[in-house]
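**Student:** how would this look folded up:
(one chain, ligands or ions: 1)
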Amino acid sequence: MNAFETLKAAFLTRLETVKTDQELAQLKADYLGKKGEVTGLMQAMKDLPAAEKPAYGQKVNALKAELTAALNAHKAAIETARMNEKLAQETLDVTLPGRTFPVGSPHILSKIVESIEDLFVGLGYQIKEGPEVESDEYNFEKLNLPKDHPARDMQDSFYIDPSTLLRTHTSPVQVRTMLDYGGQKPVKIICPGKVYRRDDDDATHSHQFMQIEGLVVDESTTMADLKGTLLKLAQTMFGKDRTIRLRPSYFPFTEPSVEVDVSCYNCEGAGCSICKHTGYIEILGAGMVHDNVLKMSGYDPAKYQGFAFGIGVERIAMLKYGIEDIRHFYTNDMRFMRMFNQ
Ligand code: DAH
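**Tutor:** Have a look, this model is predicted:
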């Protein structure tokens, strides 16, 4: 019986050192395989007297069962250890934020243009665009600004040749549209776009900026229509409680001409630094289309009247968001741009 104990002890000692599936298989073969130690014990039974055989056989079977159980337990322990190691390596931190993709959004100036377009399209206007490289004739002459007219000084220009320039305002789109319509049908358009002037860039001037031109020509257009339209525009941009006021002004292409102020959205008219203590802020220029302008673009002033207005988009954005330097719109500092992302 000592042989049984010795064999079992040797088996268990070796089992302790087993770490891999191969080592386990080898140990199993060495003890329980065809030529294994336990099988050897079983074969030794044939030399025993018959009376001892049953008891001996039972002991060998018991030993075999014990070793098999130990092998299986060790196998399970190896697998558990392996699984734990794998899990530790593959730990997922489910609290990590996911990877986000940078998503762009329209420039703030585009958003202002879009909101003004929405308003006017809702009022039945069409959106018209014109070229940024424009003829002197459309940019000035046909807007009642003949050569050497002193008002040309207000719009110092980049000339490409003596009769071609970068447009200084979006007003030439008025001329183009009226000519296109052949002096016959009513006009109701807004014209957004870039314009250029030979200004030195500073906090309030830029050699390139954006305007939106508006033009209505019909058989019974009055200044009251102009005022109602601009009131709606001012309220859309600066809040439904705004009022507007018109001040006499001068533009060569309109007569009479006005400068339009909106009641201050900051102090409600009481006076503050934004409205320079006047209660009003200037937002755009406008007027009734000059007879000469109508005539030069083929409309009969005896039959047709019209109104026009010109809005500076940057100015609106600067007022609306309290931006103090126009250059912020063009330097593409992402911190500035992202302020307007919703
Ligand atoms: N074109 C003018 C400018 O750039 C703005 C303007 C004023 C347009 C009055 C108009 C208008 O149509 O009626 O300064």
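**Student:** how far off centre is the helix or strand containing K111?
**Tutor:** Using DSSP states H and E, K111 falls within helix 108-122. Taking C-alpha atoms, centre = their mean, to the nearest Å, one finds helix 108-122 lying 17 Å from the centre of the chain it belongs to.
**Student:** can you check stretch 172-185 too?
**Tutor:** 37 Å.
**Student:** same deal with stretch 244-262?
**Tutor:** Here the centre of stretch 244-262 is set off from its chain's centre by 38 Å, with C-alpha atoms, centre = their mean.
**Student:** same check on stretch 57-75?
**Tutor:** Averaged C-alpha coordinates place stretch 57-75 at 70 Å from its chain's average position (C-alpha atoms, centre = their mean).
**Student:** now do the buried residues in that stretch.
**Tutor:** Going by neighbour count (16 or more other C-beta atoms under 10 Å), the buried part of stretch 57-75 is V60, L63, K64, L67, A70, L71, H74. (C-beta placed from N, C-alpha, C; glycine too.)
**Student:** again with stretch 332-342
**Tutor:** When burial is assessed from 16+ other C-beta under 10 Å, stretch 332-342 yields the following buried residues: M337, F340.
**Student:** tell me how far that stretch is from the chain's mean position?
**Tutor:** Chain-centre distance of stretch 332-342: 9 Å, with C-alpha atoms, centre = their mean.
**Student:** circling back to that earlier point, what is the helix holding K111 packed up against?
**Tutor:** Here helix 108-122 touches strand 126-127, strand 187-196, strand 208-218, helix 223-238, helix 313-321, going by 3 or more C-beta pairs under 8 Å, 6 or more residues apart in numbering; DSSP states H and E.
**Student:** 6 Å instead, please
**Tutor:** The contact analysis (3 or more C-beta pairs under 6 Å, 6 or more residues apart in numbering; DSSP states H and E) places helix 108-122 against helix 313-321.
**Student:** avg pLDDT for the helix or strand just after the helix it packs on?
**Tutor:** With elements assigned by DSSP H and E, the helix or strand that comes after helix 313-321 is helix 334-338. Mean pLDDT, helix 334-338: 91.
**Student:** and if you look at stretch 42-55?
**Tutor:** Mean per-residue pLDDT for stretch 42-55: 90.
**Student:** likewise for stretch 142-154?
**Tutor:** Averaged over stretch 142-154, pLDDT sits at 88.
**Student:** now the terminal residues of that stretch, how far apart.
**Tutor:** Stretch 142-154 has an end-to-end distance of 17 Å (C-alpha to C-alpha, to the nearest Å).
**Student:** buried residues in it?
**Tutor:** K142, L143, N144, L145, R152.
**Student:** between these, which is nearest G310?
**Tutor:** G310 has its nearest neighbour among the buried residues of stretch 142-154 in L143, at 10.9 Å by C-beta to C-beta.
**Student:** still on that earlier bit, any idea which of the buried residues of stretch 142-154 is the one closest to Q235?
**Tutor:** Distances from Q235 to those, taken by C-beta to C-beta, are shortest for L143, at 28.9 Å.
**Student:** next, give phi and psi for the closest one.
**Tutor:** Dihedral angles phi and psi of L143 (degrees, to the nearest 10) take the values phi -100, psi 20.
**Student:** for it, what are its contacts?
**Tutor:** For L143, the contact set (C-beta atoms under 6 Å, 6 or more residues apart in numbering) comprises S171, F253, V293.
**Student:** the ligand versus the first one, what's the distance?
**Tutor:** It stands for S171. As judged by C-beta to the nearest ligand atom, to the nearest Å, S171 and the ligand stand 4 Å apart.
**Student:** could you do the last one as well?
**Tutor:** Using C-beta to the nearest ligand atom, one obtains 9 Å as the distance from V293 to the ligand.
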